[in-house]
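Asks: when you get a sec, could you give me coordinates for this:
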Amino acid sequence: MAVSTNGTDESADPVTLAVHGRTVAEYVVWPDVDPRYSPRPYLHPVRTLAGVPVTDTLPEDHRWHLGVSVTMQDVAGTNLWGGRTYVRDAGYTWRDDHGRITHDAWLDRGPAGFRQRLRWCDPTGATLLTEERVVAAGAVPGRSDAWCLDIAYELSAGADREISLGSPATNGRPGGAGYGGFFWRLAPGSPFAFTSAADGEDAVNGSTEPWVAVNGEGSAGEPYSVIFTGLSPGDHWFVRTGIYPGVCVALAFEEPLSVPAGQTVRRRHRVLVVDGRSTRDGVVSTLASFG
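Replies: Predicted coordinates for the structure are as follows:
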């Protein structure tokens, strides 16, 4: 990545990412969305090298799903996921608890990626967490039909307060609804999800396999696959392919995750975006090329 000239470009224009000279993703820095959707920077559209969109944003079924983003439904009581909040013994409820994740500064920026500082804020605008995010797009060795999105983020709590990260599951919802973390809302359709040992949503959701792959089709029937990696100890895959298509590296799938005062939680994910369908053997072979 090339460093920007002043490190503080506040442009409202989307940031574009390119691989082999082709734009493969746009990053919306200042989203113009309803405050109830918990505004936050997000990637959309993300495309294959052949130009097939593999993300969705503001879908009718869940208007607060914004392409590819990092977000949680319960951040010390603030809803940064958007939509209704799951309340123990009451279910999903509209509450005035929505915060937002805001761009603070560019630390590094170039045509293939960027490094950014953000603030996770409560409804009053007070900072709950600071985040440093690195996003890069790159080629896949030996492949002309695939590229890799590399995203890393660090969430840091202030020196005077521990911050708890939770999910509907940790707040009492049954059925494996422990979503929240790095979330990818897939393009419309009914994709098929699999891991090295399991097939389909029911078997894959909640698993801790090293990778999850999804085979889908574009609006004109163009096959594509998206391969997700980067699960850390304690994380689980949250996967939906029925009521809506999406994949999340869930940070609080079973238990809340604490960010102690003055400390940092770190995650890194590599996501391969591929033209054509992937097989298990193909996924293993492609991932091996990264070492």
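Asks: okay, CA-based contacts and neighbour counts for the rest of this
Replies: Will do.
Asks: can you pull out the helices in the protein?
Replies: Taking DSSP state H, the helices of the chain run over residues 201-204, 280-288.
Asks: alpha carbons of the first one, as CSV, please.
Replies: As requested, the backbone C-alpha atoms of helix 201-204 are provided in CSV (Å, rounded to 0.1, in the frame of the first residue of the first chain):
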residue,chain,number,x,y,z
GLU,A,201,-26.4,-24.6,6.8
ASP,A,202,-27.5,-26.8,9.6
ALA,A,203,-24.2,-28.7,9.8
VAL,A,204,-21.9,-25.7,9.1
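Asks: that helix: how far from the chain's middle?
Replies: Here helix 201-204 shows a centroid-to-chain-centroid distance of 19 Å under the convention Cα atoms, centre = their mean, to the nearest Å.
Asks: now tell me what touches it from outside.
Replies: Counting by Cα atoms under 8 Å, 6 or more residues apart in numbering, the neighbours of helix 201-204 from elsewhere in the structure are F192, A193, F194, T195, A198, V212, W237, F238, V239, R240, T241, G242.
Asks: which among those residues count as buried?
Replies: By neighbour count, with 16 or more other Cα atoms under 10 Å, these hold F192, A193, F194, T195, V212, W237, F238, V239, R240, T241 as buried.
Asks: just confirm the third one contacts V212, I think it does.
Replies: Yes: counting by Cα atoms under 8 Å, F194 sits close enough to V212 to count as a contact (5.9 Å).
Asks: before we move on, back to that, from the contacts of helix 201-204, which is closest to R270?
Replies: Out of these, the one with the shortest distance to R270 is V212. That distance is 11.2 Å, counting by Cα to Cα.
Asks: which residues are in contact with stretch 160-179?
Replies: So stretch 160-179 is contacted by 72-76, 85-89, 91, 128-129, 157, 180, 205-206, 238, 248-262 (Cα under 8 Å, 6+ apart).
Asks: just list whatever residues bridge to W184.
Replies: Partner residues in beta bridges with W184: V68, V247, with DSSP bridges as the criterion.
Asks: and it, how close does it get to R277?
Replies: Going from W184 to R277 by Cα to Cα, to the nearest Å gives 18 Å.
Asks: what about these two, which has more around it?
Replies: A side-by-side neighbour count of W184 and R277, using other Cα atoms under 10 Å, places W184 first with 26 against 16.
Asks: and the more buried one, what is it in contact with?
Replies: Listed by Cα under 8 Å, 6+ apart, the contact partners of W184 are T55, G67, V68, S69, G246, V247, C248.
Asks: thinking again about what came up before, and the buried ones among the contacts of helix 201-204 as a markdown table, adding pLDDT and distance to E162?
Replies: Written out in a markdown table, the entries for the buried ones among the contacts of helix 201-204 read as follows (pLDDT from 0 to 100; distance: Cα to Cα, whole Å):
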| residue | pLDDT | distance to E162 |
| --- | --- | --- |
| F192 | 98 | 39 |
| A193 | 98 | 36 |
| F194 | 98 | 36 |
| T195 | 98 | 35 |
| V212 | 98 | 32 |
| W237 | 98 | 25 |
| F238 | 98 | 25 |
| V239 | 98 | 29 |
| R240 | 97 | 31 |
| T241 | 97 | 35 |
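Asks: could I get those residues as TSV with distance to Y37?
Replies: What follows is the buried ones among the contacts of helix 201-204, written out as TSV (distance: Cα to Cα, whole Å):
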residue	distance to Y37
F192	27
A193	27
F194	30
T195	31
V212	27
W237	23
F238	20
V239	21
R240	20
T241	22
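Asks: now, which of those sits nearest V226?
Replies: V212 (8.4 Å).
Asks: the closest one contacts A197, doesn't it?
Replies: No: using Cα under 8 Å, V212 is not in contact with A197; the gap is 10.0 Å.
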